[in-house]
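In: Requesting a structural model of the entry that follows:
(one chain, ligands or ions: 2)
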Amino acid sequence: MNGLPMAVPAPGLPARVRIHEVGARDGLQNEKTAVPTEVKAEFIRRLAAAGLRTVEATSFVHPKWVPQLADAEQLYPQLADLAGAGVHLPVLVPNERGLDRALALGADRIAVFGSATETFAARNLNRTVAESLAMFEPVVARAKEGGAHVRGYLSMCFGDPWEGPVPVAQVVGTAKALLDLGCDELSLGDTIGTGTPGHVRSLLTALNGAGVATDRIGVHFHDTYGQALANTLAALEHGVATVDASAGGLGGCPYAKSATGNLATEDLVWMLDGLGIETGVDLAALTATSVWMAERLGRPSPSRTVRALSHKE
Ligand code: HMG
Ligand code: MG
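Out: Ligands and ions are numbered 1, 2, ... in the order given. Sure, this is the predicted structure:
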């Protein structure tokens, strides 16, 4: 075993996938212990060195809401050389206050984060869905005016822990509203991991039917029910070529009970390598990074691939 799968391409899949790495933000926002800023910077540096070209760095949210990322002002400037070397370092921004903070540090890729359901909008943003879209409107407009790239996350696209099933039409309506604000891309979040492949196909088809082109769509799966890779494959078969993942499978969401780990980047890369799909990621370097981070966090990575590749007899 050389630590890589045998590459056997399957027809009809994208030749290349852009991995949007969320471990340093989505992963660390959920950690109980405070991770020192220097460790976060080193983590991001190692992720970039492993070949990831989009590494979400942090969030400019209210520090009381997400204390784990309260050091955004200290962290972001430490990454200036990476930005200069062509690594994209998007940051989450919920409102104009957050945008001001991000722009003051020179951020050029931001993400707003909406919800397909009212309950999560209230819990995550203290707003209704309509109020949160109104909150994002000037954020997106100002970011675009300044030449920034804007991603629109949409959470609870496949189910909500409080509201249960979420109708596809409801998701499409909010997704369209987010894109109509001017977002460049949309990331469909299965925040609690309840989605299944047919559901993924149906949502993507409905979005296309509403005029949303597949090349503006990314997918953000959680592995709570073991469906994340199956859902990813369904999305790839549909033509999606942007996939969010979290190194080592870190993360969840502090405002969504039952949101456990994101799709682990290593598990994703194993599958994409096996399908002969280019990602630019060095799986061994990435795995070593997650092992290193797991040591810092004091518990093993939940990623199957990390466990398999780092297993010592
Ligand atoms: P609020 O309490 O309604 O805030 O929270 P407000 O607008 O009423 O303002 C209250 C005070 O907070 C004001 O200060 C503001 O200046 C300050 P005061 O005038 O009273 O002294 N304030 C801020 N300070 C610093 N930075 C800011 C900021 N905004 C206001 N940005 C708010 C509303 C949106 C701020 C709050 O709800 C919040 O920060 N929420 C963020 C929650 C979060 O980050 N959740 C995790 C990310 S989403 C996710 O993980 C899902 C995803 O991964 C995809 C998936 O899996 O589904 C993306
Ligand atoms: Mg997530």
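In: who's in contact with the closest residue to Ser303 other than its chain neighbours?
Out: Distance criterion C-beta to C-beta, 6 or more residues apart in numbering; nearest residue to Ser303, sequence neighbours excluded, is Ala264 at 3.4 Å. Every C-beta, even on glycine, is put in place using the N, C-alpha and C of the backbone. Neighbouring residues of Ala264 by C-beta atoms under 8 Å, 6 or more residues apart in numbering: 223, 245-249, 290, 301-306.
In: Stretch 106-117 vs ligand 1: in contact?
Out: Yes: using C-beta under 6 Å from any ligand atom, stretch 106-117 reaches ligand 1 at Phe113.
In: just how off-centre is that stretch within its chain?
Out: 11 Å (C-alpha atoms, centre = their mean, to the nearest Å).
In: how about it: buried residues?
Out: 107-117 (16 or more other C-beta atoms under 10 Å).
In: which two in the residues you listed are spaced the farthest apart?
Out: Greatest spatial distance in these: Asp108 and Thr117, 30.6 Å, computed using C-beta to C-beta.
In: And for Pro90, the neighbour number?
Out: 24 (other C-beta atoms under 10 Å).
In: Then Lys32?
Out: 6.
In: Okay, it and Arg151: tell me how far apart.
Out: Distance of Lys32 to Arg151, computed by C-beta to C-beta, to the nearest Å: 27 Å.
In: How about Leu179?
Out: Distance, Leu179 to Arg151, using C-beta to C-beta: 11 Å.
In: In the protein, what residue lies closest to ligand 2?
Out: Of all residues in the chain, the one sitting closest to ligand 2 is Asp26 (4.3 Å; C-beta to the ion).
In: Over to that residue: give its phi and psi.
Out: Note on Asp26: backbone dihedrals following degrees, to the nearest 10 are phi -70, psi -30.
In: On the pLDDT front, check it for me.
Out: Looking at Asp26, its pLDDT reads 95.
In: State the distance from it to Thr265.
Out: Going from Asp26 to Thr265 by C-beta to C-beta gives 11 Å.
In: What segments of the stretch 201-313 of the chain are helices?
Out: Counting by DSSP state H, counting those that start in this stretch, the stretch 201-313 of the chain has helices at residues 228-238, 265-274, 283-297, 304-310.
In: Return the set of buried residues in the longest one.
Out: What that stands for is helix 283-297. Neighbour-count burial for helix 283-297 flags 283, 286-291, 293-294, 297 (criterion: 16+ other C-beta under 10 Å).
In: nearest to Gln68, of those residues?
Out: Once C-beta to C-beta is applied, the member of those that ends up nearest Gln68 is Leu297, at 11.7 Å.
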